[in-house]
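S.K.: Give me coordinates for this.
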Amino acid sequence: MHCDDKRTLYVLKEEVYKSWKLLEKSGFADQQLLEDFNNIVTEYFECKSSSE
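M.R.: Sure thing, here's the model as predicted:
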């Protein structure tokens, strides 16, 4: 795994945490936040699997 890959995964992981906190604050009721969270998690796992 290259340094750029590690940095990208780190940034995406931080985005996942941030999105999760926003979802918690909304009571998991905000559809747009749910979609954003789903997209970020999907992007994280795609990046992780392509870098291995």
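
S.K.: which regions of the chain lie under the pLDDT threshold?
M.R.: Counting by pLDDT under 70, the ranges of the chain that qualify are 1-3.

S.K.: ok, now with 80
M.R.: Counting by pLDDT under 80, the ranges of the chain that qualify are 1-4, 51-52.

S.K.: And the helices in it?
M.R.: For the chain, helices defined by DSSP state H occupy the ranges 3-26, 31-51.

S.K.: contact partners of the longest one?
M.R.: Read it as helix 3-26. If you take C-beta atoms under 8 Å, 6 or more residues apart in numbering as the criterion, helix 3-26 is touched by Asp30, Leu33, Leu34, Asp36, Phe37, Ile40, Val41, Glu43, Tyr44, Cys47, Lys48, Ser51. C-betas here are computed from N, CA, C, even on glycine.

S.K.: mind listing what the second one touches?
M.R.: Going back to what we said before, that points to Leu33. The contact partners of Leu33, taken as C-beta under 8 Å, 6+ apart, are Ser19, Leu22, Leu23, Ser26.

S.K.: Just flag the most distant two among those.
M.R.: The widest separation within these, taken as C-beta to C-beta, falls between Ser19 and Ser26 and amounts to 10.6 Å.

S.K.: So the two - more neighbours on which side?
M.R.: A direct count of neighbours by other C-beta atoms under 10 Å for Ser19 and Ser26 places Ser19 higher, at 18 against 13.

S.K.: Relative to Lys48, how far out is that one?
M.R.: Using C-beta to C-beta, to the nearest Å, we find Ser19 at a distance of 16 Å from Lys48.

S.K.: With Ile40 instead?
M.R.: Per C-beta to C-beta, Ile40 is found 12 Å from Lys48.
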